[in-house]
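**Q** Got a sequence here, can you build the structure:
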Amino acid sequence: LTDPQLQRNGKTNMIGKIGGDFILKELSNCSTPGPVIDAFQKENALDEEYADTSEPIFALLDILDVPKSEVYKGILHRLRTQLLARIDSLTDPQLQSLLDECFSCIGFPELAPVPLKVMKCISAVPSRFLLKLANNEELYMKCPLEVKRQIWEVEETLFSNEIMPLIRQYIKINQLDLRKVMDLTITIRNPKNRRNSNEILKKLVSMIGNCYKLYMILIETVKEIYYETKDVGLCTLRNDLLMGLYDNEVLEVYSKDPCHKLCILIDSILREGRIASRKLGDIFISLDELSSASNNNDITADIAMIFRNPYIVSQLVRSVWERLSRVLNDDKLPRADKELKRLVHLLHFGFQDDESLKMNNFGQLAPPDSILKRFYPSLGLNVISHELNQEVYMDQGIIKDVFRNDESSRKVILHYCLTRLRAKDTRTVELIIDLMEDYPEIDSEYPFFACFFEMLIEYQSSSEKGASECANQAVEHIINCPGVSNLSSVHKEMIRYILATYNSLPLETVLEYIQNLISNLRRTGTKLEFLNESKIKKQYLILMKRFGTSINNEDTNFIRTCLADHTDQ
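**A** Take a look at the predicted model:
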């Protein structure tokens, strides 16, 4: 601390710079230093009651040539150790009194452990001390987490500075996990195991501790970033923060979140990997309770964010498909099945725009009638056509309209695309890819494209009959749709596909893929902001090093210029 006032019994303790400055001043203003030094030593020496017993010991140590500085350091170390051990047994009033005495010593490394431990053990550090710590970066960094939490409560900016890098890291890690979320053949990880393996999440939860105020600051920060960026990884984080506290049994925090019962219920569904009829009913009961208990619609947006979590979306889509299959087997209409209607309602609810969420509650945000009356029957006809080996019509009006205008139904179609790709039904896959042409909004579906190309890479190395042919046909169709291949999500996955499979493909095929991809970019004049990403630059540099001499000069010069421009940035 700057110029600390070290007071004890009304007397200034001459520690560190204060003592040095005092001696310099006194000696500078006197003609005979001897009396000044004697006076200083007498003033700051041991009390008389200790002096008589200590003098013989110091005399002996002088005879043994032991420097007094080493003696004092040893005494300080032993006294500090004893005091630190006693702090754990002190009462709160005793800790408060000790903190008043020792806080001013916190700027000295030899003494700092004492006030730091006192603040760690005390129930509430006075705000005057917290503000001093907040304004001194060096001391702030030394504070234990228990003290930092109290600092963050009075200085929220410091908390924001701590959590922002962690939120970015969480999103980056979560994007890797989302690659597998859409694959219906993969069992979704147990949510608790996933949380326990995420070190960033565990750190955020530990930073909250049992402080509800910090929890709400973090939740509001996550929500604000989500409303600005629409990154669905933040929806996962919103759920994970609450459930992380639930895992750690921090009842005094998570139980105050109005959505905690709903999140715990949903977590149990993800753990079981299915939505049983009873639990589906429990979800609607919980949603009705939340809607009736809230005086405003802020809670509606919060609930929508929970249902926008990709893990929940994936489970809902799986459940929709399972229920639709049962409805078709029972020769029933989709709109007549109560359970399917409820699943579609939950799926649709998570994708509402901000204005709708502000103006309506959950019950008022049911999907349009056309979804259950026209879209799902049309989708069902295609499913039946596959079973009967008949022609499919994915490009019919209602499916194309819903694909482009209803994000929740688009998720259902994209999952359908993956199931048909798994069945090596390239005809249906191509029809769904055609729905994406000249529809740039599909670029946000990066988990789908990651999963899609992962399956193609798997097929290219598989000995299974028809696998490599299916992969080749799908890739060629994407390249022949510039409006799809020029999307950043697709283009990056295409480059990843080529790098992963070029050893399994004829050289002329690889060169054709590369040249057509680059030519699509060049001919359409597509902006290449995504080339500024370090990962795609590295991938292209590998391609250019491996195949650059075999690609025509016009395309090679184009991509090298793009990479050079972005490298300069």
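**Q** low-scoring pLDDT stretches of the stretch 401-550 of the chain, where are they?
**A** For the stretch 401-550 of the chain, applying pLDDT under 70 flags the ranges 524-532, 548.
**Q** so residue 140 sits right up against residue 134, yeah?
**A** Yes: between residue 140 and residue 134 there is a contact under CB atoms under 8 Å: 6.2 Å. All C-beta spots, glycine's among them, are computed from the backbone N, C-alpha and C.
**Q** more neighbours, these two?
**A** Remark: of residue 140 and residue 134, residue 134 carries more neighbours, 20 against 17, as counted by other CB atoms under 10 Å.
**Q** my guess is that one contacts residue 158, does it?
**A** Yes: in this structure residue 134 lies within contact range of residue 158 using CB under 8 Å: 6.1 Å.
**Q** residues shared between the contacts of those two?
**A** Common neighbours of residue 134 and residue 158, using CB atoms under 8 Å, 6 or more residues apart in numbering, are 140, 151.
**Q** before we move on, back to that, which neighbours do residue 140 and residue 134 share?
**A** Joint contacts of residue 140 and residue 134 (CB under 8 Å, 6+ apart) are 151, 158.
**Q** residue ranges for the helices of the stretch 101-250 of the chain, please.
**A** 113-121, 127-134, 137-142, 145-154, 156-178, 191-196, 199-208, 212-229, 233-247 (DSSP state H, counting those that start in this stretch).
**Q** Tabulate the CA atom coordinates of the first one in PDB.
**A** I take that to be helix 113-121. What follows is helix 113-121 as a C-alpha-only set of coordinates in PDB (Å, rounded to 0.1, in the frame of the first residue of the first chain):
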ATOM      1  CA  PRO A 113       0.600 -13.800   5.000                       C
ATOM      2  CA  VAL A 114      -0.900 -12.700   8.300                       C
ATOM      3  CA  PRO A 115      -3.600 -10.200   7.100                       C
ATOM      4  CA  LEU A 116      -4.200 -12.400   4.000                       C
ATOM      5  CA  LYS A 117      -5.100 -15.400   6.200                       C
ATOM      6  CA  VAL A 118      -7.200 -13.300   8.600                       C
ATOM      7  CA  MET A 119      -9.300 -12.000   5.600                       C
ATOM      8  CA  LYS A 120      -9.600 -15.600   4.300                       C
ATOM      9  CA  CYS A 121     -11.000 -16.700   7.700                       C
END
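**Q** same for the helix or strand where residue 306 lies, what does it pack against?
**A** According to DSSP states H and E, residue 306 maps onto helix 298-307. With contacts taken as 3 or more CB pairs under 8 Å, 6 or more residues apart in numbering; DSSP states H and E, helix 298-307 sits against helix 212-229, helix 233-247, helix 260-272, helix 277-293, helix 310-329, helix 338-349, helix 354-359.
**Q** May I have that helix as CSV, with CA atoms only?
**A** Extracted in CSV, the C-alpha atoms of helix 298-307 (Å, rounded to 0.1, in the frame of the first residue of the first chain):
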residue,chain,number,x,y,z
ASP,A,298,-37.8,-11.6,-18.6
ILE,A,299,-38.2,-15.2,-17.3
THR,A,300,-39.6,-16.2,-20.7
ALA,A,301,-36.4,-15.2,-22.4
ASP,A,302,-34.4,-17.0,-19.8
ILE,A,303,-36.4,-20.2,-20.3
ALA,A,304,-36.0,-19.9,-24.1
MET,A,305,-32.2,-19.6,-23.6
ILE,A,306,-32.3,-22.9,-21.6
PHE,A,307,-34.2,-24.7,-24.4
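**Q** which parts of it are buried?
**A** 299-307 (16 or more other CB atoms under 10 Å).
**Q** Ok, stretch 401-413 next?
**A** 402-404, 406-413.
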